[in-house]
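Enquirer: Okay, predicted coordinates and the sequence, questions at the end:
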Amino acid sequence: MRTLILIMTFCLTSSPADLWTGQLFDLHCVETRKETHRYDDCNPTAQTAAFSLQISGRMLKLDAAGNRKAIEAWKDYVKRVTDPDVKTKPVTAMIQGTVEGDELHVDSIQLR
């Protein structure tokens, strides 16, 4: 009986991750342009260590684990895309995760 109560409590308190789709940016660049809201040149690069996702004008910072996943996804994305200008074009990210405040806790990320 006690196990059943614990399982029921866990199911009621844990929320499933949502799918978030938006444009991926370099967080440092975004933060330096917060006043103007002009992020045209804030696309990720090989040096990007922290990322943000813009969804309908809202910026969400990726959590630490999400940043690590985004770095790996970015490396893979640059390798598989045949467009020679891939490094300068906007990139769309589909992220499975949960939002807490302005931070996105990333379970998985896919770039396209």
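Expert: Everything's here; your move. Residues are numbered from 1 along each chain as shown.
Enquirer: which residues are in contact with the top helix by length along the chain?
Expert: Scanning the chain for the helix with the most residues, using DSSP state H, yields helix 64-80. Residues outside helix 64-80 that contact it (Cβ atoms under 8 Å, 6 or more residues apart in numbering) are 24, 44, 46, 48-51, 62, 86-87, 91, 93, 95, 97, 104-106, 108-112. Bear in mind the C-beta positions are built from the backbone N, C-alpha and C, glycine included.
Enquirer: Name only those of these that count as buried.
Expert: Neighbour-count burial (16 or more other Cβ atoms under 10 Å) is assigned, among those, to 24, 44, 48, 50-51, 62, 91, 93, 95, 97, 104-106, 109, 111.
Enquirer: from those residues, which is closest to Thr32?
Expert: The closest of the buried ones among the contacts of helix 64-80 to Thr32 turns out to be Ala50 (Cβ to Cβ; 12.4 Å).
Enquirer: So the closest one is in contact with Leu27, correct?
Expert: Yes - under the criterion of Cβ atoms under 8 Å, Ala50 makes contact with Leu27 at 3.9 Å.
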